[in-house]
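Asker: Test case, fold it:
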Amino acid sequence: MMSRKRGELTTVLDAFRHTAETVPDRPFLIYFDTVRTAAEVDRATDALAAALADNGFSAGDRLALYLQNVPQYVIGLIAAWKLGGIVVPINPMLTPREVSKLLADSTPSVLLALNELHTAELGEMLFASSVHRVITTSSLDELIARYDGWVPDSWTPAPDDPAAISYTSGTTGTPKGAINTHRNIATGGHAYRDWFGLDEHDVVLGIAPLFHVTGLTGHIACAIVAGAPLILCYRFDTDVVLDVIRRHKPTFTVGAITVFIALANAPKATRQDFATLTKVASGGAPVAAATAERFEERFGVRIHNVYGMTETTSPVLAVPLGAKAPVEAETGALSVGVPMLSARVSVVDEAGAGLPAGEIGELAVAGPQVVPGYWRNADATSAAFRDDWLLTGDVGYVDDDGWYYLVDRKKDMIVASGFKVWPREVEDVLYGHEAVLEAAVVGQPDPYRGESVKAYVSLREGFSVSPDELIDYCRAKMAAYKYPREVEIVDAIPKTATGKILRRSLRP
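Answerer: Numbers count the residues shown, from 1 in each chain. Have a look, this model is predicted:
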């Protein structure tokens, strides 16, 4: 497990220990003006691990992380892993009521939270939970100082030991806790590293939330196995991120397309700002060809599609570095790439049988990045997994050259007058209009058609367009049953914290 040859798998904890031992003074975490070396993070995580162990925390126990993208997140994660613990990432945008549901499911014994999130309401909720100790970001500093120099009993996790319980975004229903093993997370980190050619000379910009699987593998795990420093900046803010890019000159990042839309529409952003950021990927939400083209035209940077899920510990399909994703002629949709390294991907019918190229079906995935199941949820596990294969719930197809295309989520399909309409196709057409910033398409009840297509659209700054003009624009480019019968222009499209559009919240 300790080999460092490119392509060979090592756990993320082993990779971190190797860096701390061999290049202790290498920058490891960058947070605005503060730089922590690998040795400093190793010492801090030893101290926290010793403090947790002194309080009864042991292998298999859960540590919940209720934080933004701050160094304490990485310190808490590594400390838990040093004891054989399991981390439970929690979205910091969730309310105490929503947090209580995740804590009831994962039953952590310790909660590490931002000071400002440790409210009286949260404290009252914790009385009825499994949590018996809360560590805030300010008390964490005191705890590390108190246990500084302590070294916990060494623990080396097995590859198939649980490392994290990552809750799905809940865009289509109740969140489920996917069990990401150490093998899963290491596979994801190595996939990003090898696919995008990263090493210790790179700098990783952490713009995806760390509580999300993209942040876990595409930022933390990827940076650690590549030996590259990781930049954090609390949470995404366009001006803050631009300042961080100018100051620290990152070379790689992965984030939702909404992040790149925001950067592309930032008035003060320049081509020179992105001169070093040559390796860019986008996952978590569909990428329209028009959006990617605008970004590349403005900054000279190509966005590479990446497809993955919480249950696949992030990357499964991706566009190779430097390659341009092919565009589907009929819809203008960008391909989501080809299988990454160890991933196996198939398109299957309702019975689970493989379909030939060109036929639309459900994407199924197998490989060492696929989780073994959901935490304490046998029914959901049996519904989503067939033998070694995960049924993703995403509908798509593969072309004759092996490029995969994502049509939509299975549950989002609209049936208008008996015809299937995929929201993604309508959204891609809308993104082709110069005035459209973001678009979300849903079905709404229609007494004549059963369902009709409705689009919600936000506009780019300085642009104006009427709903009727957008309807006419789509009518000219789509079959009669597909174009939206209604367009509503809104200030912003509702999204999850990771930038994924919440169509569910727009349905009547």
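Asker: what's residue 439 in contact with, if anything?
Answerer: By CB atoms under 8 Å, 6 or more residues apart in numbering, the contact set of residue 439 is 426-427, 430-431, 455-458, 493. No exception for glycine: its C-beta is placed from N, CA and C like everyone else's.
Asker: Quick check: it is in a helix.
Answerer: No. Going by DSSP: H, G, I helix; E, B strand; the rest coil, the assignment for residue 439 is strand, not a helix.
Asker: Spit out the contact partners of the residue nearest to it when sequence neighbours are not counted.
Answerer: With CB to CB, 6 or more residues apart in numbering as the criterion, residue 439 has its nearest non-adjacent residue at 4.1 Å, and that residue is residue 430. Listed by CB under 8 Å, 6+ apart, the contact partners of residue 430 are 436, 439, 441, 455, 457, 470, 473-474.
Asker: pLDDT below threshold where in the stretch 101-250 of the chain?
Answerer: The stretch 101-250 of the chain contains residues with pLDDT under 70 at 169-174.
Asker: Mind jotting down where the strands sit in it?
Answerer: 110-113, 133-136, 162-167, 177-181, 204-205, 230-232 (DSSP state E, counting those that start in this stretch).
Asker: Just list the residues touching residue 357, thanks.
Answerer: The contact partners of residue 357, by CB under 8 Å, 6+ apart, come to 397-400.
Asker: So among those residues, which ones count as buried?
Answerer: Neighbour counting with 16 or more other CB atoms under 10 Å marks 397-398 as buried within those.
Asker: Now do the same for residue 410: its pLDDT.
Answerer: Predicted confidence (pLDDT) for residue 410: 65.
Asker: Residue 266 - nearest residue in space that isn't next to it in sequence?
Answerer: Residue 266 sits nearest to residue 238 (CB to CB, 6+ apart), 5.0 Å away.
Asker: thought the one you found was touching residue 264?
Answerer: No. In this structure, residue 238 is not within contact of residue 264 by CB atoms under 8 Å, at 10.0 Å.
Asker: ok, back up a step: of the contacts of residue 439, which pair is most distant in space?
Answerer: Spatially, the most separated pair among these is 426 and 458, at 15.3 Å (CB to CB).
Asker: the more surrounded of the two?
Answerer: residue 426 (26 against 16; other CB atoms under 10 Å).
Asker: Confirm the more buried one sits in a helix?
Answerer: Yes. Under three-state DSSP, residue 426 falls within a helix.
Asker: can you pull the contacts of it?
Answerer: 439, 441, 453, 455, 474, 478, 482-484.
Asker: 7 Å - rerun?
Answerer: Contacts for residue 426 (CB atoms under 7 Å, 6 or more residues apart in numbering) come out as 441, 453, 455, 474, 482, 484.
Asker: still on that earlier bit, make sure the residue nearest to residue 266 is actually in contact with residue 263.
Answerer: Yes. Using CB atoms under 7 Å, residue 238 is in contact with residue 263, at 6.3 Å.
Asker: between the two, who's got more neighbours?
Answerer: Ranked by neighbour count (other CB under 10 Å), residue 238 and residue 263 place residue 263 first, with 23 against 16.
Asker: Pop the domain breakdown of this structure in here.
Answerer: With automatic domain parsing as the criterion, the domains of the chain are listed as 12-157, 204-409, 413-506.
Asker: Export those domains as a markdown table, with columns for distance to residue 167.
Answerer: Listed next are these as a markdown table, based on distance: least, CB to CB, whole Å:
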| stretch | distance to residue 167 |
| --- | --- |
| domain 12-157 | 6 |
| domain 204-409 | 8 |
| domain 413-506 | 11 |
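Asker: Out of those domains, flag the one nearest residue 163.
Answerer: Of all the domains of the chain, domain 12-157 comes closest under CB to CB, at 6.4 Å.
Asker: Now the terminal residues of the closest one, how far apart.
Answerer: Domain 12-157 stretches 10 Å from its first residue to its last (CA to CA, to the nearest Å).
Asker: For it, what is the distance to the chain centroid?
Answerer: Relative to its parent chain, domain 12-157 has a centroid offset of 20 Å by CA atoms, centre = their mean, to the nearest Å.
Asker: hang on, the earlier thing: now tabulate the contacts of residue 357 in TSV and tack on distance to residue 283 and secondary structure.
Answerer: TSV is the format used below for those (distance: CB to CB, whole Å; DSSP: H, G, I helix; E, B strand; the rest coil):
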residue	distance to residue 283	secondary structure
397	19	strand
398	18	strand
399	20	coil
400	25	coil
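Asker: re the thing from before, nearest to residue 347, out of the strands of the stretch 101-250 of the chain?
Answerer: strand 177-181 (22.2 Å).
Asker: Quick one: the helices in the stretch 101-250 of the chain, in order.
Answerer: Using DSSP state H, counting those that start in this stretch, the helices of the stretch 101-250 of the chain run over residues 120-126, 137-146, 182-195, 213-214, 222-226, 238-248.
Asker: looking at these, which is closest to residue 19?
Answerer: helix 222-226 (7.1 Å).
Asker: Alpha carbons only: can I get the helix or strand containing the residue nearest to residue 439 in CSV?
Answerer: Using DSSP states H and E, residue 430 sits within helix 423-431. Output in CSV follows, covering the C-alpha atoms of helix 423-431 (Å, rounded to 0.1, in the frame of the first residue of the first chain):
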residue,chain,number,x,y,z
PRO,A,423,-35.8,18.9,-19.5
ARG,A,424,-32.0,18.9,-20.2
GLU,A,425,-32.6,19.2,-24.0
VAL,A,426,-34.9,22.2,-23.6
GLU,A,427,-32.4,23.8,-21.2
ASP,A,428,-29.5,23.3,-23.6
VAL,A,429,-31.5,25.1,-26.3
LEU,A,430,-32.3,28.0,-24.0
TYR,A,431,-28.6,28.3,-23.0
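Asker: Kindly indicate which of the contacts of residue 439 lies nearest residue 147.
Answerer: Among those, and counting by CB to CB, the member closest to residue 147 is residue 493, at 45.9 Å.
Asker: Tell me the secondary structure at the closest one.
Answerer: With three-state DSSP as the basis, residue 493 sits in coil.
Asker: let's have the chain start at 2 instead
Answerer: Right, with 2 as the first residue, what we last looked at is residue 494.
Asker: measure the residue nearest to residue 267 to residue 457 for me?
Answerer: 22 Å (CB to CB, to the nearest Å).
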